[in-house]
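Asker: for reference, the sequence and a predicted model appear below.
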Amino acid sequence: MKAIELLLAFAERVPDEVKLDRILPYLMDMLGEEQTEPVRIYALRAVTQLLELVQTITAQNAYVFTEYILPRIRMHVIAPRKNQSSALRATYASCLASLATTALRFLDMMQALRLGGNALAGDQENSNNSHLSFAALAHLYDNNRADLMSYFEEHTASLLEDTETSVRRAFLGSIAPLCYALGSAKASDVVLTHLNTYLNDKDWQLKCAFFETIVGVATYVGGAPLEEYILPLMVQAMTDPEETVVERVLRSFSTIAQLGLFQRSTLWELTDIVARFTMHPNSCIREAATFFIASAARFLSVADRHGIVFPLIRVYLKTLPPELEELSLLDALKKPLPRLVFDYAILWAQKAEKGSFWKAAQIQHTFTFGSGQHILHNAAGMDLGPRALNRIPQNEEDHAWLEKLRAAGMSTDDEFKLVALREFIIRVAHRRAQELAVNEQPNYGGIIKLSDIGIRPQLVFFEKDEDAYRENAIAHRDIETQRKTIAEALQDAREDRLSANPGHLKLPKPLYGADGDSGTSTPVAAIDVPMPTGLRSPPPGQQIASSVDSRPSIKSEHKHNLQRKGSAISLIGGGKAKAETGTTAENAIGRVETSSSNRENLPRKTATIAVQAESQRRSSSHPRVRPSHNYRGNDPTVLRLLDAMYLEKYPVDLIELGPLVTRRQNKPIKRVNGQAANTPWKPGGNLVAMLSEHVGSVNRLAVAPDHTFFITGSDDGTVKIWDTQRLERNVTTRSRQTHKQGDGVKVTSLTFIEDTHCFVSAGTDGSVHIVRVDYQLKEDGAHGSSGRYGRLRIVREYYFVDGEYVTWCEHFRDDHKSILMLSTSKCRVIALELRTMDVLYELRNPVTHGVPLCFCVDKKRHWLVVGTTHGVLDLWDLRFKMRLKAYAFSGGAPVYRLSLIPTPRPKSRQLKIAVAGGTGQPEITVWDIERLTCTNVYRTGTAMGKEVNRAYKLTELDEEKSAGILSRFAVLPRSAQGTTSMTGGPNSSIRAIATGLSAWEGSEGAKYHFLLSVGPDWKVRFWDTSRPETSTVVSGIEVDEGRPSYTVSTPSPELQVVSEHLNPASASGVGIEPGTPSSKKERRSRSSVISMQAQVLLRTHLDTIMDVAFLEMPYGMVVSADRAGVVYVFS
């Protein structure tokens, strides 16, 4: 192959005669079947390039194509006896057009030589072209051209009919120049007759290549063959199941229309067919259809545009554009048919049995060009309208499917779009069913079963042993960190030489008596020394044997001429390490040098001992670990594969994050007395504990999966752990452990690692700490069980830079991965893999939507909803890592909290989320994710103004342009500003919510969910979703305030509103204590009022409540934390 390149380089510098006489034969010889496939491909390309370089020919080379090149190509490429190569044929298919063009150029040069009176080598002997007439020369030229074209016709037909798709796809690139070479008649007979069969192939890429090429063919063959052969097949191809093929068909139509090859009536007919694709859910198809309409309108008169084109497309437009330009049409188009509705319609067409809706579409001939069905008064665009669906006959089966489509999102405005695409949908459904039936047939051609050749799979079981995993992990880490430095690599190489040639070892030279003294010598000891600090430490139990080569002189007055060699450590750094001392309990092995006369018998014995010591040390450097599987083979590749799989798939959480804990499975919630009641749980509002260790605002609460303890994160930079068991036996205000996030750092987010006692804390400095809580539940004699806490350990760390920090975090496990989702202050959502601390993927939320404050992930880990400071909800698909929709609240207030609504039934498909914030009012809104409709509203009594009775709808931001989004959030509404009020004023949105499921004894599995909400009005509320009228205020009722009442209203069939009504103070003495009986109606004394006010100060929050949580252990309790740093626990 290098020689071929060299020949081509020489060909650029030599005359044309030398190219054909000296270089071409070598290249043609490399096409032989004895050559390898890459060489033959390279040679064929080189032949094509070489012939393109030839500008003049001699009489001897006039027939080089017909007598030399084409016959050998046919023998070695088109029809070889052996070694058939599809790659070689594909290469020839791509080179055929260039060879045909070059051959015609050679033919013209042959004719020029004849006209000049030269006799060609291939002409008849002793013929003198100077005596031939012009007609005879022309006849001779025609004969030579016919002979030449016969070869190309044969090769073209062979390549067109090739069984390999790659060959035909490569050949399509040569079609247009080849049509010019063959002529119009031959192009229609040879090329078009075979080319049309490509549309019946299953390979959609071949079809796309066909439509890219057909424009050049249509340009050459003209209008009649275009409408007779090509156009009907292209119209039928518009119903291909592959949407990319449909888009390429429309692009080809647009290009041909721009060239003016369509007749006027053809443009009308195609416009009616193509216009319906502007309602297709595929954006590329819509854009291509719009481009064709704009291209077709260029060659139509003004009367045709307004009298014919506009009536055909008016039903698909919101407004009529002034001109039929592409951009104007795209802006004026109506919304397309939703993708989910389109897919359901295809499924309906496939499963329809007795329905009448699709029967009429099966007898239509919209996609049969020239069938006479496209007369203007029968055009589909003129028959469509608001009641187009009602004019189609339907039965009960059709009504049932239409209800499914409406449930999937089809509105009244989408009905005519379904009718417009009806015939397209039924054809696509039938073709998909046919392809599916063909693909279901098993095809085992070329597949060898391992059982047929005696190979049986071996089942390998892994051991789930913590000790074995720890040993394997340590050994794997040691192997990975070996040979990290140059010094270690040189030491290993020196040891390899010592082990390979033990007889060539030499003893160290005597250190004393270097001047030739042959008397007694000072002994030199070889001892085991510890590894110095700074180098890689050996595994436990491994000793490094080091031979001391030099020691300082004992006698200071003795002088030496020491020859020092360059140390390998000098390659790493020039700094001198500090001397270290150490002790070891191992026995020291010494060696004493004898006199020079007795040294002859010493080296071999000493060398053998040294080699044994070195081999023992080297074998210990690769410690043998306990086998983690039952594979007993010796294949190193299989062993490495199994070890890698073991380390990858083993639940590392059991080692580093602690044991898995059993979460509470929604059991009946116990009361204060420890007994489960036969009624749903409801907090009584009794103060259990007041925890006031924090000196800053408490921003987040998080409860352990088994509810044995909970944690609080504060602006003072600490995370404190509070034991729930102690709340049952005695009221304690001391935390069990404290984690320091950093100096001057505020804790912004907390969450627990799923089913463990490890928690994640994030701070404003960009730090993310994963902290393990060593919690053990031990029996405490007569006092029952108590929790023991070990020292907190940071097992993982992650840091953001450039001022970025985490605003919210959640953890889940998915497909053997431990994923930590983090939203940041720079509008990013990052998925962090806790095993390796690598970023799996990153979602970039639009900056114009605001900073993410919170998010929630569904239970199947399919989607994620982000709430921002501008009141925007962004819906992301976690499977495809793409943002689906963005919706904004009309209030534009920050979305403080999102929470999944727990479903009472495990298999329920209801997907609802509770939203705190967004509306700017003190209320909770519950939204159906699938339909994005509000289903429930829980409104506090402090809601004020006309906003109370407004419609709860979200605005889809994807429909707005970027300028509209920026202007929307340029000035925040009053509800999003920083002022607070206890009476429903600005920024009175609820700050936090907590959801829970409750069951009771005798309920027979029946469960209900409830909500806890807190906000700037200093109150903690309990919302009963099954019995809204029993909702209550847990904490925060003033002395002069009566207990509120709750009513239910239904403004619409899909919306339920639970409203709280404040009751004025009464003389009955209803106070903050729930259940206080009505007594005297006399006026209270001043001392009693002061006493009750003091009780209010001690039992309620005195600042904005930032978070709330629900505890099930040891009994049902509500935990709330405020901006003053105080945490209250109510039962």
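Answerer: Received, thanks. Quantities reported herein were computed from a predicted structural model and do not represent experimental measurements.
Asker: list the buried ones in stretch 870-884?
Answerer: Under the neighbour-count criterion of 16 or more other C-beta atoms under 10 Å, stretch 870-884 has 870-874, 876, 878, 883 buried. The C-beta positions use only the backbone N, C-alpha and C, and glycine is treated the same way.
Asker: just stretch 405-414 next, same as before
Answerer: Applying 16+ other C-beta under 10 Å to stretch 405-414 flags 405, 408-410, 414 as buried.
Asker: now do it, average pLDDT.
Answerer: In this model, stretch 405-414 has a mean pLDDT of 87.
Asker: tabulate the CA atom coordinates of that stretch in CSV.
Answerer: C-alpha atoms of stretch 405-414 as CSV (Å, rounded to 0.1, in the frame of the first residue of the first chain):
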residue,chain,number,x,y,z
LEU,A,405,-56.7,9.4,22.6
ARG,A,406,-58.4,12.2,24.5
ALA,A,407,-57.0,10.9,27.8
ALA,A,408,-53.5,10.9,26.1
GLY,A,409,-53.8,14.6,25.4
MET,A,410,-55.9,15.0,22.2
SER,A,411,-58.0,18.2,22.4
THR,A,412,-60.8,19.3,20.2
ASP,A,413,-58.4,21.3,18.1
ASP,A,414,-56.4,18.2,17.4
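Asker: which two among the buried residues of stretch 405-414 are spaced furthest apart?
Answerer: Spatial extent of those (C-beta to C-beta) is set by the pair 408 and 414 at 10.2 Å.
Asker: what sits in contact with each of these two?
Answerer: 338, 341 (C-beta atoms under 8 Å, 6 or more residues apart in numbering).
Asker: what residues go with each domain of this structure?
Answerer: Listed domain ranges for the chain are 1-182, 687-1075+1082-1130 (source: automatic domain parsing).
Asker: rebuild those domains as JSON lines, extending it with distance to residue 334 and mean pLDDT.
Answerer: Listed next are the domains of the chain as JSON lines, based on distance: least, C-beta to C-beta, whole Å; pLDDT from 0 to 100:
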{"stretch": "domain 1-182", "distance to residue 334": "37", "mean pLDDT": "83"}
{"stretch": "domain 687-1075+1082-1130", "distance to residue 334": "12", "mean pLDDT": "83"}
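Asker: I'd like the distance between the closest residue to residue 290 other than its chain neighbours and residue 318.
Answerer: Setting aside the residues directly before and after it, residue 290 is nearest to residue 329 in space (C-beta to C-beta, 6 or more residues apart in numbering), at 4.7 Å. Using C-beta to C-beta, to the nearest Å, residue 329 is found at 11 Å from residue 318.
Asker: mutual contacts of those two, please.
Answerer: Common neighbours of residue 329 and residue 318 (C-beta under 8 Å, 6+ apart) do not exist.
Asker: more neighbours: which of these two?
Answerer: residue 329 (23 against 10; other C-beta atoms under 10 Å).
Asker: surely that one meets residue 293?
Answerer: Yes - between residue 329 and residue 293 a contact is recorded at 6.3 Å, counting by C-beta atoms under 8 Å.
Asker: okay, and the common contacts of those two?
Answerer: By C-beta under 8 Å, 6+ apart, the residues touching both residue 329 and residue 293 are 278, 313.
Asker: so what's the residue lying closest to residue 686 once chain neighbours are set aside scoring on pLDDT?
Answerer: Nearest residue to residue 686, sequence neighbours excluded (C-beta to C-beta, 6+ apart): residue 1131, at 4.9 Å. In this prediction, residue 1131 carries a pLDDT score of 86.
Asker: any idea how far residue 1038 is from residue 1131?
Answerer: 21 Å.
Asker: neighbour count winner among the two?
Answerer: Neighbours were counted for residue 1131 and for residue 1038 using other C-beta under 10 Å; residue 1131 has more, 18 against 15.
Asker: is it true that the more buried one touches residue 1116?
Answerer: Yes - taking contacts as C-beta under 8 Å, residue 1131 lies within contact range of residue 1116: 7.0 Å.
Asker: list residues touching both of these two?
Answerer: Common contacts of residue 1131 and residue 1116 (C-beta under 8 Å, 6+ apart): residue 683.
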